[in-house]
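Participant: Okay, structure incoming, though there's no sequence with it:
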């Protein structure tokens, strides 16, 4: 997932973004990661899930002055499958 921080049309570099992933699955902890935006204002996040379901996402700029934030959902259609052995 890529979170992009902009000021008008311009990306904002060097800002920390915190992503919180709520897996909505019983017994699965909420995941929190922090990344720094690149020259285009993009912060890239990766995570894995082993089964189908919905993750609720919240990205927050870690700033003392009017931090930007946004939410989204990621829908996992299915988890990895084991190879079939014949």
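Facilitator: In hand now; what should we look at? Here the structure is a predicted model, which is why all the values come from computation and not from measurement. Residues are numbered from 1 along each chain as shown.
Participant: other SSEs contacting the helix or strand harbouring residue 73?
Facilitator: In the assignment (DSSP states H and E), residue 73 maps to strand 69-76. When contacts are defined as 3 or more Cβ pairs under 8 Å, 6 or more residues apart in numbering; DSSP states H and E, strand 69-76 packs onto strand 53-61. Every residue, glycine included, has its C-beta placed from N, CA and C.
Participant: Please name the nearest non-neighbouring residue to residue 55.
Facilitator: Leaving aside its sequence neighbours, residue 55 sits nearest to residue 74 (Cβ to Cβ, 6 or more residues apart in numbering; 4.5 Å).
Participant: need the contact list for that neighbour.
Facilitator: Shown in contact with residue 74 (Cβ atoms under 8 Å, 6 or more residues apart in numbering): 1, 21, 54, 55, 57.
Participant: What separation do you get for the last one and residue 22?
Facilitator: Right, the one you point to is residue 57. In this view, residue 57 and residue 22 are 8 Å apart by Cβ to Cβ, to the nearest Å.
Participant: In terms of neighbours, single out the busier of the two.
Facilitator: Neighbour count, other Cβ atoms under 10 Å: between residue 57 and residue 22, residue 57 has more, with 19 against 16.
Participant: Quick one: the strands in this protein, in order.
Facilitator: 2-4, 6-7, 10-11, 16-22, 31-36, 42-44, 53-61, 69-76 (DSSP state E).
Participant: Provide the strand pairings for the third one, with the direction of each partner.
Facilitator: Here strand 10-11 is paired, per DSSP bridges, with strand 6-7 (antiparallel).
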